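1. Below: sequence and its predicted model.
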Number of protein chains: 2
Amino acid sequence: MRASIVIIGDEILLGQVTDTNSGEIARRLGPLGWEVTRTIVVGDSAEAINEAVASALVQSDLVITTGGLGPTKDDITKKVLARCFGDGEMRLDADVLANVEAVFAKRGLALNDLTRAQAMVPVCCRVVQNELGTAPIMWFDAPGGKALVSMPGVPFECIGMLSKAVIPLLRERFTPDMAYRHHTLMVTGITESALAERLAGFERSLPTGMHLAYLPTPGYIRLRLDYQAGKRELSDEDFDAKVAELKGETAEHLLYDGDASPARILLELLAAKGLALATAESCTGGNIGHLITSVPGSSDCYLGGVISYSNDVKSAVLGVNADDIAEHGAVSETVALQMAEGACRVTGADCAVATTGIAGPGGGSELKPVGTVWIAARTPSGIVARKFRFPGSRERVIERASTEALLMLIGLLKQS
Amino acid sequence: MRASIVIIGDEILLGQVTDTNSGEIARRLGPLGWEVTRTIVVGDSAEAINEAVASALVQSDLVITTGGLGPTKDDITKKVLARCFGDGEMRLDADVLANVEAVFAKRGLALNDLTRAQAMVPVCCRVVQNELGTAPIMWFDAPGGKALVSMPGVPFECIGMLSKAVIPLLRERFTPDMAYRHHTLMVTGITESALAERLAGFERSLPTGMHLAYLPTPGYIRLRLDYQAGKRELSDEDFDAKVAELKGETAEHLLYDGDASPARILLELLAAKGLALATAESCTGGNIGHLITSVPGSSDCYLGGVISYSNDVKSAVLGVNADDIAEHGAVSETVALQMAEGACRVTGADCAVATTGIAGPGGGSELKPVGTVWIAARTPSGIVARKFRFPGSRERVIERASTEALLMLIGLLKQS
């Protein structure tokens, strides 16, 4: 069965806010057997919403919309859908009003007319209570057994309520005709095209309905093998055999069997070895710490670190020799190595990563252009440092340096 | 003139990768007078690409596609477009081949057949050299003076080459009939609905073509006033007068005149006052440092900080009294205050923010449930701490705590 997603909001269309809801929704619908065929982003315009909803309903059994449900004048989704699926008539929903009142009371805020208007819903829809916010979730039935579900745009409410309330309702109502399976492997140390050459035979051997996708990311490539059994019946055993074959083909470059962030892979390795981690960051400015601590349970292995952005902090807190900074510069092998050692010393950790570089756009020189980064990784069995030259913007240099630092320590731990 | 964006890629549609290109493209086209009316995301399927391109060309003068141009078998955009706009015939482009060879030589990699195939381009297109990667950018002319430009999916290449090469070509070819202006104000300390009630009269007073949008974010609301002069002629003076009026209406809650991240607002305030900043992060794990150092030039004011994830690091590096941690717990007012003081002491900074809390999903208790965060902010004139209770996931708690910490220090600096 086919699903489409319609994302509503000028702020998304104009690029002021990045939509993450469509991806999260797709990730949840896929495993349930839904084939998401299209996502459309439109602005807060009645004409655009009408057209997107109409064309999505032609193509799909299920349409999920997000956004345009706020209390302000620019949010018009509710009214448009009321006319799309009925005569536009609205009613006051007592449960929604009670919910809005409860949310406002909890936050210590006064209710006003605009907020109260959140409780007005189209007569032609079925309301699903939004336990995470004030905008009601609306289920509209369409001819041919089709349905449209209108979700709030706030990601926390949208995805939270999708899982909590909407997916159970979808399971009751629809029986998708398609089984979907996928498995991801992460490989590193090989280019996409070299990998594709190596896997050409494997790809040719795939049965109809099974498909290999390359998802390159700076530092590593994710290989996603998937199949949709609706297109041709394939057993789980067939799929597992192909996963095993792919694993064999990529063994020497395999970073991880599954789909995980480098930070999570590192934390799993550290936990398995009973080692504690620290960070010493200059050009990455805390991003490595953030990537690590974004993983639940990271406190089991991660003790903390120092963001030694200024040279004084490198010396005063991490104990980097000030003469070495003066002689070799802050962006140098010796400073990176001393930062990693210092991070272990001041936190008591066994392992550390350290970064020092020029993220740009300013600060570059002929000898050390923007993008030059020294990265060090330390384990109980050794310490290494390597110089990188990353292309692109400040944001990109920070991202790449962070990823490479994590990958460097992963590599060092796998060797030891 | 109308533009549509077509994002091509299973990885986007399935939610494995978040599309940021469409927003970046829209942000660049808007000020040039283009009205972006729709973004469509489709998978790597010939049928879906064909249909999306065809319907986009009906609705728009310009279609920009991204993605599906990689060297591997799953990338089919080039072939589909060759048949969409011509007879499918391909030719070898010597300049593209030279570029691919140069890119590979620079990276010290060997060229293989798949990479070489990047230089095959549809006969019916005009090639725009991609100086940032190997996939050629293709310009297709369509009946009615319309055009489609196919860009690579890698954001760095897509957005880089859009600015460098494609936008200059668009300026040559099209003369958009619409002027677009917008101005954003950031307000804080008021709910969206209370703000909307206050601004109801202002909104009613807006002439046709001018529009106020509310973009709420945890911690603050962005108000975007925009107008499209094509719909009705409006002078710049009319627009400026409305901006001034909006500023007056929101004066007591105004956080910033413009659109900037809280980190950038903080750094501007610090620079104006000649003050240096440090961070002490427990539950935010480096994210505040990352937000600050994402701003170019942050090194002028930001000295660095400590990610004191473990209690030992709080004591050993920041000098938090271990007895206080034992007595009050790590998530307490006194620990937050001592962390902020410690950050200033060890880095020599004048100002600091500190966070200590329970980001979850584990670690909560009845007295201190998940989401409990103590935040402290220190300036030369004083220090404050406040307890928050943030709802939602780990990611959300980290984000909100980071934003509130920055806003708290901004508030303190504005008072002093």
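-> Cool, got the structure.
2. for the least confident helix or strand in chain A by mean pLDDT, packing partners?
-> Ranked by mean pLDDT, DSSP states H and E, the weakest helix or strand in chain A is helix A:113-116, scoring a mean of 80. Contact here means 3 or more CB pairs under 8 Å, 6 or more residues apart in numbering or on different chains; DSSP states H and E; on that basis helix A:113-116 packs against helix A:94-106, helix B:192-198. Heads up, the C-betas are built off the backbone N, CA and C, glycines and all.
3. quick one: which of those helices is nearest B:Ala179?
-> Nearest to B:Ala179 among these is helix B:192-198 (27.2 Å), distances taken as CB to CB.
4. Quick one: low-confidence residue ranges for chain A.
-> Within chain A, the set of residues satisfying pLDDT under 70 comprises A:229-233.
5. Go through the longest helix anywhere in chain A and flag the buried ones.
-> In chain A, assigned by DSSP state H, the helix with the most residues is helix A:394-415. Judged by neighbour count using 16 or more other CB atoms under 10 Å in any protein chain shown, the buried positions of helix A:394-415 are A:394, A:396-410, A:412-413.
6. I would like the residues contacting the helix or strand following the least confident helix or strand of chain A, please.
-> Using DSSP states H and E, the helix or strand that follows helix A:113-116 towards the C-terminus is strand A:120-122. Defining contact as CB atoms under 8 Å, 6 or more residues apart in numbering or on different chains, one finds that strand A:120-122 is touched by A:78, A:81-82, A:85-86, A:88-93, A:96, A:127, A:136, A:138, A:140.
7. cutoff 10 Å now
-> Strand A:120-122 is contacted by residues A:78-93, A:95-97, A:127, A:136-138, A:140, A:150 when judged by CB atoms under 10 Å, 6 or more residues apart in numbering or on different chains.
8. Could I get the contacting residues of A:Cys301?
-> Residues in contact with A:Cys301 (CB under 10 Å, 6+ apart) are A:266-277, A:292, A:295, A:349-351, B:309.
9. how far away is A:Asn50 from B:Lys146?
-> From A:Asn50 across to B:Lys146, the span is 24 Å (CB to CB, to the nearest Å).
10. Which one's more surrounded, the two?
-> Shown here are A:Asn50 and B:Lys146; by other CB atoms under 10 Å in any protein chain shown, B:Lys146 has more neighbours (18 against 15).
11. which non-adjacent residue is nearest that one?
-> Counting by CB to CB, 6 or more residues apart in numbering or on different chains, B:Asp61 is the residue found nearest to B:Lys146 once chain neighbours are left out, at 5.3 Å.
12. Surely A:Arg396 and A:Asn287 touch.
-> No: with contact defined as CB atoms under 10 Å, A:Arg396 does not reach A:Asn287; the gap is 11.9 Å.
13. residues of stretch A:160-171 that come out buried?
-> Of the residues in stretch A:160-171, those buried under the neighbour-count criterion (16+ other CB under 10 Å) are A:160-162, A:165-166, A:170.
14. does chain B sit close to that stretch?
-> Yes: using CB under 10 Å from any CB of the partner chain, stretch A:160-171 reaches chain B at A:Gly160.
15. export that stretch as CSV, just CAs?
-> Output of stretch A:160-171 as CSV, limited to C-alpha atoms (Å, rounded to 0.1, in the frame of the first residue of the first chain):
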residue,chain,number,x,y,z
GLY,A,160,5.6,11.3,19.5
MET,A,161,1.9,11.1,18.6
LEU,A,162,2.5,9.2,15.4
SER,A,163,4.1,6.4,17.5
LYS,A,164,1.7,6.6,20.4
ALA,A,165,-1.7,7.0,18.7
VAL,A,166,-1.7,7.1,15.0
ILE,A,167,0.3,4.0,14.1
PRO,A,168,-1.9,1.8,16.3
LEU,A,169,-4.9,3.2,14.4
LEU,A,170,-3.3,2.6,11.1
ARG,A,171,-2.6,-1.0,12.1
